[in-house]
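*Asks:* got a predicted structure here, sequence first:
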Amino acid sequence: MLQKASDKFRVFLVKRVRFGVSRSQTSMARQSSKVEAIYELCKKTFSPSGSPPPSAEAVSKLSSLLDAIHPADVGLKEENPDDDRGLGFFRDNLNRVSRWTQPITYLNLYEGDSFTMCIFCFPTSSVIPLHDHPGMTVFSKVLYGSLHVRAYDWVEPSQESKGSNYFPVRLAKLAADKVVTAPCGTSVLYPNSGGNLHSFTAVTPCAVLDILTPPYREDLGRKCTYYCDYPYTAFPTEIKVEEEKEEEYAWLGETEPNIYMREGNYTGPTIQI
């Protein structure tokens with residue numbers, strides 16, 4: 001069943017359903033795994049408040065562990081580029097339909113007060129629209145396939161304007177506009193840098209392992225907000241840039257997107273709490 005959501009994490013993260021967390025193990029009982037090693041390092045490193053932020057050494061250590069993760073380590077197998085379902089290892093009897101009607105599959109490995117570990121499996125051409133990560137540090141590792149990433153950071157001090165319909169927009173600077181293809185290194189974004197506002201578009205079937213710290217929590221001011229981006233020339237501003245650099249800037253205005261996701265059943269190594 002398709003799940004329509006206006007907030008990527010409102011349905012899947014706030015519910016606090018721990019699909020990947022277990023105190024027992026079946027075929028992999030008591031066997032150490034890369035997933036558990038990542039969990040243990042996150043548990044030692046992160047705090048519920050996100051303060052202090054992770055040190056450069058901690059970021060490097062976690063990134064190194066994530067760099068070594070492969071699809072099989074989390075119960076996935078790489079998608080055939082001709083298969084646009086984006087369901088990773090999880091096969092079902094869904095009829096083949098147009099790829100843009102297929103949902104993104106969300107897999108929850110762990111969710112706690114200090115961090116969240118999750119995987120998104122994308123069918124070709126599926127999109128997670130431009131959104132933010134307020135006060136958060138996010139680690140992203142493309143497990144297989146190719147993903148287009150477009151990311152911004154806010155221009156400081158804040159520069160705001162209004163469109164013809166009097167909706168507010170805020171100026172941001174482009175931080176990344178690239179295609180990331182596995183195998184690749186881990187990308188990290190920070191509360192105020194590294195592309196805190198980003199969108200994902202699947203160039204091929206792909207999967208992304210995300211670690212978010214601290215996790216989204218609306219009552220603490222960490223609400224996921226979605227945006228549309230508009231050209232720098234669309235609105236007036238006191239900031240003047242060279243004409244050849246105008247494409248590096250954009251105005252972002254809040255929006256309510258439509259996202260189609262389904263909950264998948266994580267079958268990789270479970271995390272021993």
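*Replies:* Nice, I can see it.
*Asks:* going forward, measure contacts between C-alpha atoms and count neighbours the same way
*Replies:* Will do.
*Asks:* now do the SS call for the closest residue to S193 other than its chain neighbours.
*Replies:* Leaving aside its chain neighbours, S193 sits nearest to D153 (5.9 Å; criterion: Cα to Cα, 6 or more residues apart in numbering). Following DSSP: H, G, I helix; E, B strand; the rest coil, we place D153 in the strand state.
*Asks:* confidence score at D153?
*Replies:* Note on D153: pLDDT of 98.
*Asks:* and for the one 5 residues further on?
*Replies:* On pLDDT, S158 comes in at 91.
*Asks:* wasn't it part of a strand?
*Replies:* No. With three-state DSSP as the criterion, S158 is coil rather than part of a strand.
*Asks:* so it sits against K173, correct?
*Replies:* No. The pair S158 / K173 is not scored as a contact, 11.4 Å apart, by Cα atoms under 8 Å.
*Asks:* OK, contacts around the residue nearest to S193?
*Replies:* 172-175, 192-197 (Cα atoms under 8 Å, 6 or more residues apart in numbering).
*Asks:* buried among the residues you listed? Make that a ChimeraX selection.
*Replies:* Buried residues among the contacts of D153 (16 or more other Cα atoms under 10 Å), as a ChimeraX selection:
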select :172,173,174,175,192,194,195,196,197
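*Asks:* in strands, which of the contacts of D153 fall?
*Replies:* Mapping those onto strands (DSSP state E) picks out 172-175, 197.
*Asks:* tell me where the stretch 151-273 of the chain has strands.
*Replies:* All strands of the stretch 151-273 of the chain, identified by DSSP state E, counting those that start in this stretch, fall at 160-162, 168-181, 187-189, 197-202, 206-213, 226-231, 249-255, 259-263, 271-272.
*Asks:* of all these, which lies closest to E57?
*Replies:* Between E57 and those, the tightest spacing by Cα to Cα is seen for strand 187-189, at 13.2 Å.
*Asks:* circling back: out of the strands of the stretch 151-273 of the chain, flag the one nearest V35.
*Replies:* Closest to V35 of those, according to Cα to Cα: strand 271-272, at 7.2 Å.
*Asks:* so which of the contacts of D153 comes closest to Q102?
*Replies:* Nearest to Q102 out of the contacts of D153 is L197 (Cα to Cα; 24.4 Å).
*Asks:* which residues sit in contact with the closest residue to Y227 other than its chain neighbours?
*Replies:* Ranked by Cα to Cα, 6+ apart and with sequence neighbours excluded, the top spatial neighbour of Y227 is E254, at 4.3 Å. By Cα under 8 Å, 6+ apart, E254 lies in contact with 169, 225-228.
*Asks:* save the residues you listed as CSV, and put in neighbour count and pLDDT too.
*Replies:* Shown next, in CSV, are the contacts of E254 (neighbours: other Cα atoms under 10 Å; pLDDT from 0 to 100):
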residue, neighbour count, pLDDT
V169, 21, 94
T225, 19, 96
Y226, 22, 97
Y227, 20, 97
C228, 16, 95
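*Asks:* show me where the stretch 1-150 of the chain has its strands.
*Replies:* 3-5, 21-22, 104-111, 116-122, 127-131, 137-144, 146-154.
*Asks:* out of those, which is closest to T270?
*Replies:* With Cα to Cα as the measure, strand 21-22 is the member of the strands of the stretch 1-150 of the chain nearest T270 (5.7 Å).
*Asks:* my guess is P123 meets E78, correct?
*Replies:* No. Counting by Cα under 8 Å, P123 stays clear of E78, with 11.9 Å between them.
*Asks:* okay, the two: which has more neighbours?
*Replies:* P123 (29 against 17; other Cα atoms under 10 Å).
*Asks:* what do P123 and E78 both touch?
*Replies:* Common neighbours of P123 and E78 (Cα under 8 Å, 6+ apart) are C206.
*Asks:* what sits against the most centrally placed residue in the chain?
*Replies:* A centroid search over the chain (Cα atoms, centre = their mean) returns D210, at 5.6 Å, as the residue closest to the centre. Taking Cα under 8 Å, 6+ apart, we find D210 in contact with 116-120, 138-141.
*Asks:* from L171, how far out is it?
*Replies:* Applying Cα to Cα, to the nearest Å, the value for D210 to L171 is 27 Å.
*Asks:* likewise P205?
*Replies:* 32 Å.
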